[in-house]
Structure formats: structure tokens, C-alpha cells
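Trainee: Below are the sequence and a predicted model; questions follow.
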Amino acid sequence: MKSMTSAISPSLTSSSAILTTSLAWSLCLVFSMVTFLAPALWNGFPIVFHDTAGYVGSVLEMTLIPGRSFFYGLFLWVASFGWWSFWVPVLAQSLFTLWVIHLMLRCHDLSAGSLATTIFCVGLGMSTSVSWYTSQLMPDVLVPLVVLALWLLGFRWERLSQRERTGLAALALLGLLSHMSCMALGIGLAIIILVTWGVGRWRVWTPSLCSLSPVGVVAASLILMPMVHLAVMGKATFTPGGPVFIFGSLVQDGIAQHWLGDHCPAPGIKLCGLQDRLPKTADEFLWDGSSPFLDLGGWEGAAGELSHLVKECFKAYPEAIVRTSLRATVLQMAMVATGDGLDEFHGATRGVFAASFPRAVKPFNAAYQQQGQITKPLFDAFNRVHVPVACLSVMGLIIAIGWGLHFKRHDLAGLASFTLLALLGNAFICGALSNPHDRYQSRLIWLAPLVVGMMVMCWRQLWTEKQNW
């Protein structure tokens with residue numbers, strides 16, 4: 001009898017431990033997912049944006065839409081089970097975010113159990129903009145996840161299982177293909193990884209060739225996008241619209257007006273006859289119904305001329321372009337408020353849902369966002385917390401670099417440096433090559449408090465170990 005009890009006791013203990021662990025992770029999943037989905041749950045429907053219509057439309061019409069990736073539209077179609085439920089894509093985005101945060105903690109030898117993961121997810125959800133992007137039918141949340149995925153693949157490869165490596169590579173590939181600005185950022189980060197690999201190989205350490213895997217993922221996205229476009233749409237090209245957005249930034253900086261004033265009349269330049277109608281901002285040039293952009297033929301008809309004018313402006317005024325680009329980058333770095341454009345009337349998106357998704361029309365129209373209940377005062381309240389946290393955390397990254405080097409936590413110092421460079425790169429790509437908007441920087445600014453929080457956790461662990469000595 002005694003031997004039987006002894007045999008059963010370890011089994012019961014093991015079962016109890018498994019049950020406790022499962023319960024803890026279930027609670028982590030519930031609390032984290034509710035936090036990441038809070039804006040959508042409150043709204044009664046996933047949050048939408050002007051551009052949502054373009055991503056959906058690219059798949060509905062099987063065509064290339066300027067600035068709107070076919071791949072993210074495809075993700076929405078697959079994740080929603082053929083437009084059956086738009087809750088599934090935001091659920092997937094929230095799960096991706098939870099998973100990557102957990103990997104970040106575990107792969108840096110920090111506490112990564114259910115409690116620590118929950119604290120980070122809920123803390124970030126309450127103090128930053130992340131929940132407004134995980135809850136949104138937009139690819140914006142994929143941008144910071146690409147940054148973290150490339151970091152993990154490039155610098156924490158040996159801490160990952162084969163499944164995790166495959167999953168991170170797939171997630172990074174989805175993000176890179178989902179927006180050209182994300183692909184541009186990925187190229188920049190791949191160059192940083194290459195430089196780090198080269199320096200490390202000859203001066204600091206001997207990295208594995210596997211640490212170049214992020215470069216392979218970025219290269220794969222550059223090959224895959226035109227190949228898929230060729231197979232589906234018959235055009236081996238990237239998502240169109242890049243030169244038009246750049247010309248819009250030149251309009252906002254006054255450089256386009258300067259070139260037209262100096263060179264018009266010019267052979268073949270139709271805009272010369274319309275220069276007196278050029279607006280002062282990029283948004284007015286691209287989206288206003290009275291813009292001369294429409295007289296030139298819009299996105300397809302104007303692309304050739306505007307692409308030519310971009311090249312001519314760069315040739316004629318390189319110093320002015322460098323100066324305005326730096327100013328726009330600095331301005332974009334400081335623009336981190338949550339809610340940019342979410343309180344507006346999203347006419348195109350409303351039209352697409354009304355015409356194409358009859359089963360979703362009723363909950364879509366009943367949502368607070370479509371009822372005008374998502375307002376600027378609502379976001380002003382959030383930004384009393386979000387903006388200071390974002391700004392202080394960016395400064396905290398600099399402290400994290402110094403702290404990590406001093407305490408020989410080179411992994412955290414490197415992560416803080418990588419994150420800071422990603423934020424600067426995103427600010428240049430979106431601010432200088434398009435035009436500054438809060439949305440562009442706020443979508444990934446939560447990376448800064450994540451990294452600073454990891455530094456604080458590491459400091460606490462070191463302090464606890466010292467006290468135990």
C-alpha cells in the first residue's frame with residue numbers, strides 16, 4: 001500500500017503542476033487578448049481606416065491599387081475565411097503580438113512565464129498605442145513585429161526552435177509584403193544586420209551564417225512580390241504609387257512649386273499649366289477632389305510625369321531636399337499620438353462594406369466608429385498617457401544602450417540600438433519620403449517601452465541576485 005501511494009504521489013504532483021501551468025497560461029491568453037482587442041471589443045467591430053477599403057478592394061477586384069498591398073488584402077481574405085468574419089484577422093494580429101513579446105522575453109534570458117508575459121502585454125496595451133493597431137484592419141501592427149522578428153532571427157537564432165524560426169520568418173515575410181514602407185525599413189535593417197555581421201566576424205565575435213537569415217527573408221520578399229503580381233495580375237512589379245507619394249512630399253516642402261517656377265513652360269510637362277492650383281500639402285495634392293493630380297490622370301495617368309519630376313527635383317535641388325528630409329524625419333520622430341485619422345468619416349471603406357459584405361453591414365454600421373463615437377477628445381485622454389510614455393521611452397533607449405554596455409548585457413544594448421535605428425529609419429521613410437503623420441510613428445513606438453521594460457526587468461534580476469549573495 002505504501003509503495004502504491006509513493007508511486008501515485010509523483011503522478012498526482014505532476015498532473016497538478018501541468019494543470020496549474022495550463023491555467024496560468026490560459027489566464028495570460030485571456031487577459032492579454034482582451035487588452036489587445038479592447039478597442040475593437042468596445043467598438044463592437046474591428047477598427048477600420050481609409051486604406052482598409054484599398055486592401056480589401058485589391059483582392060475583390062484582383063488588381064494592383066497604389067499604396068495598398070495585395071498581400072495584406074490576401075491575409076484579410078484568408079484570415080477572415082473568405083470574408084466570413086473580420087474578427088479573425090484582428091484576433092490573429094493580437095496573437096502574433098503576444099507570441100513575439102513572449103519570445104523577446106525568453107530569448108533574452110528574462111522571466112518569460114505566464115505572469116511576466118501578461119504584465120508586459122497588459123502594460124503595453126494600457127500605456128501605449130499597440131491595442132489600437134492590433135484591433136485594426138490595417139497592416140500597421142505588422143511593422144513593429146517585423147522589426148522584432150528580424151532581430152530575433154538575426155541575433156537570437158540559437159535560442160529559437162525550428163518551429164519558432166519558421167514562424168518568425170513567415171511573420172516577417174507577411175509584414176514585408178504588406179506595405180512598401182515596411183519593405184523599405186526591412187531593407188535598411190537587413191543592411192544593419194549585414195554590417196553587424198561583418199564587424200562581428202572580424203573584430204568582436206564569430207557569428208553563424210544563420211544570423212544572416214533576416215537578409216534572406218528580406219531578399220525573398222523582394223523576389224516574391226513581383227512574381228506573385230505577375231502570376232495573379234500579369235504585372236511583374238511592386239505595389240505601385242511610390243513616386244507619386246514622394247512627389248506629394250515635394251509639394252508639401254515647396255520644392256515641386258520651386259522647380260515648376262524655375263523651369264516652366266517645359267516640353268511634355270502638363271503640370272506647368274496647372275501649377276497655380278497646386279495645394280500646400282501632400283494630402284491635399286493626393287486626395288482632394290479639386291487637386292490638379294486628377295487632371296493629370298490620377299494614379300495611373302500621372303505616374304509617368306510625376307516620376308520624371310521627382311528625378312528632376314532631386315537633380316536640381318539636392319541640398320534643399322536633404323534639408324527638408326532631415327526636418328521631416330525629426331518632425332516624424334516627435335509625432336507619436338494615438339488615433340490619427342480614426343475619428344474621420346471613412347467613406348470608401350463604408351462603401352466597400354456596404355456593397356460587398358452584406359452579412360457584416362449591420363454590425364459594421366452599428367459600431368461606435370461608424371456612429372461618430374470615436375472622437376478627438378477620446379484620443380486626447382489616451383494621449384495624456386501614450387505620448388509621455390513614448391517620448392520618455394525613446395530617451396530610455398539611449399540609457400538602455402549605456403546600461404547594457406556597462407553591465408555587459410550586450411544583447412540588450414544591441415536590441416536598444418537596433419530599435420532606435422528602426423524608429424529613425426521609419427521616421428525617415430514615412431516622414432521624408434511621404435509626409436509626417438502621427439500614425440506612421442505611433443504604430444511602432446511601443447517597441448521603445450517594451451525594450452526599456454526588458455532593461456528594467458534585467459536590472460531587477462541582477463539586483464535580486466546581488467542581494468542573495
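Mentor: Alright, I've got the coordinates. Numbering: from 1, shown residues only.

Trainee: and the residue nearest to the spatial centre of the chain, which of the three is it?
Mentor: Centroid check for the chain by Cα atoms, centre = their mean gives Val143 as the closest residue, at 2.1 Å. On the three-state scheme (DSSP: H, G, I helix; E, B strand; the rest coil), Val143 is labelled helix.

Trainee: Hmm, Arg443 and it touching each other?
Mentor: Yes: applying Cβ atoms under 8 Å, one finds Val143 in contact with Arg443, separated by 5.6 Å. C-betas here are computed from N, CA, C, even on glycine.

Trainee: re the thing from before, now do the same contact list for the residue nearest to the centre of the chain.
Mentor: Val143 makes contact with 175, 179, 181-182, 185, 426, 443-444, according to Cβ atoms under 8 Å, 6 or more residues apart in numbering.

Trainee: cutoff 10 Å now
Mentor: When contacts are counted by Cβ atoms under 10 Å, 6 or more residues apart in numbering, Val143 touches 133, 175-176, 178-179, 181-182, 185-186, 422, 426, 430, 440, 443-444, 447.

Trainee: returning to what we had before: which residues do Val143 and Arg443 both contact?
Mentor: Joint contacts of Val143 and Arg443 (Cβ under 10 Å, 6+ apart) are 133, 182, 426, 430.

Trainee: host element of Pro240?
Mentor: Secondary structure from DSSP states H and E places Pro240 outside every helix and strand.

Trainee: That one: neighbouring residues, count only.
Mentor: Pro240 is flanked by 18 other residues according to other Cβ atoms under 10 Å.

Trainee: what's the closest non-adjacent residue to it?
Mentor: Leaving aside its sequence neighbours, Pro240 sits nearest to Pro66 (Cβ to Cβ, 6 or more residues apart in numbering; 4.8 Å).

Trainee: For the one you found, grab phi and psi.
Mentor: Phi and psi for Pro66, reported as degrees, to the nearest 10, are phi -50, psi 130.

Trainee: Could I get the pLDDT score of it?
Mentor: Here, the pLDDT recorded for Pro66 equals 92.

Trainee: residues near Trp299, how many?
Mentor: 18.

Trainee: Let me see the contact set for it.
Mentor: Counting by Cβ under 10 Å, 6+ apart, the residues that Trp299 touches are 64-67, 240-241, 244, 286, 293, 306.

Trainee: and with 7 Å instead?
Mentor: Contact analysis of Trp299 by Cβ atoms under 7 Å, 6 or more residues apart in numbering lists 66, 241, 244.

Trainee: Can you get me a residue count around the closest residue to Phe418 other than its chain neighbours?
Mentor: Take Phe418 and drop its neighbours on the chain: the residue closest to it by Cβ to Cβ, 6+ apart is Trp151, 5.5 Å away. The tally of other residues near Trp151 (other Cβ under 10 Å) stands at 25.

Trainee: host element of Trp151?
Mentor: According to DSSP H and E, Trp151 maps onto helix 142-155.

Trainee: so how far is that helix off the chain centroid?
Mentor: Distance, stretch centre to chain centre, for helix 142-155: 11 Å (Cα atoms, centre = their mean, to the nearest Å).

Trainee: Stretch 221-231 too?
Mentor: Counting by Cα atoms, centre = their mean, stretch 221-231 is centred 21 Å from the centre of its parent chain.

Trainee: repeat for stretch 97-106
Mentor: The answer for stretch 97-106 is 16 Å, by Cα atoms, centre = their mean.

Trainee: what do you get for stretch 400-409?
Mentor: Counting by Cα atoms, centre = their mean, stretch 400-409 comes out at 27 Å from the chain centroid.

Trainee: Show me what counts as buried in it.
Mentor: 400-401, 403-404, 409 (16 or more other Cβ atoms under 10 Å).

Trainee: same thing with stretch 333-347?
Mentor: 333-340, 342, 346.

Trainee: quick one: the helices in the stretch 151-300 of the chain?
Mentor: With DSSP state H, counting those that start in this stretch, the ranges of helices along the stretch 151-300 of the chain come out as 162-178, 180-199, 213-233, 242-252, 255-263, 282-287, 292-295, 298-301.

Trainee: re the thing from before, any idea how far the residue nearest to Phe418 is from Thr329?
Mentor: Distance of Trp151 to Thr329, given as Cβ to Cβ, to the nearest Å: 22 Å.

Trainee: which stretches of this protein aren't confidently modelled?
Mentor: Across the chain, the ranges flagged by pLDDT under 70 are 1-12, 200-211, 469.

Trainee: residue ranges of the strands in it, please?
Mentor: For the chain, no strands are identified by DSSP state E.

Trainee: Can you give me the domain assignment for it?
Mentor: Per automatic domain parsing, the domain ranges recorded for the chain read 33-240+335-468, 242-316.

Trainee: most neighbours per residue, which of the ones you listed?
Mentor: Highest mean neighbour count among the domains of the chain (mean count of other Cβ atoms under 10 Å): domain 33-240+335-468, with a mean of 19.

Trainee: List the contacts of Leu462.
Mentor: Contact analysis of Leu462 by Cβ under 7 Å, 6+ apart lists Phe407.

Trainee: That one and Asp109, how far apart?
Mentor: Taken as Cβ to Cβ, the span from Leu462 to Asp109 is 11 Å.

Trainee: Then Arg156?
Mentor: Note on Arg156: its distance to Asp109, by Cβ to Cβ, is 10 Å.

Trainee: now swap in Pro292 and tell me
Mentor: For Pro292 relative to Asp109 (Cβ to Cβ), the value is 58 Å.

Trainee: quick one: contacts for the residue nearest to Pro240?
Mentor: By Cβ under 7 Å, 6+ apart, the residues touching Pro66 are 240-241, 244, 299.

Trainee: Which of these sits closest to Leu105?
Mentor: Gly241 (37.9 Å; Cβ to Cβ).
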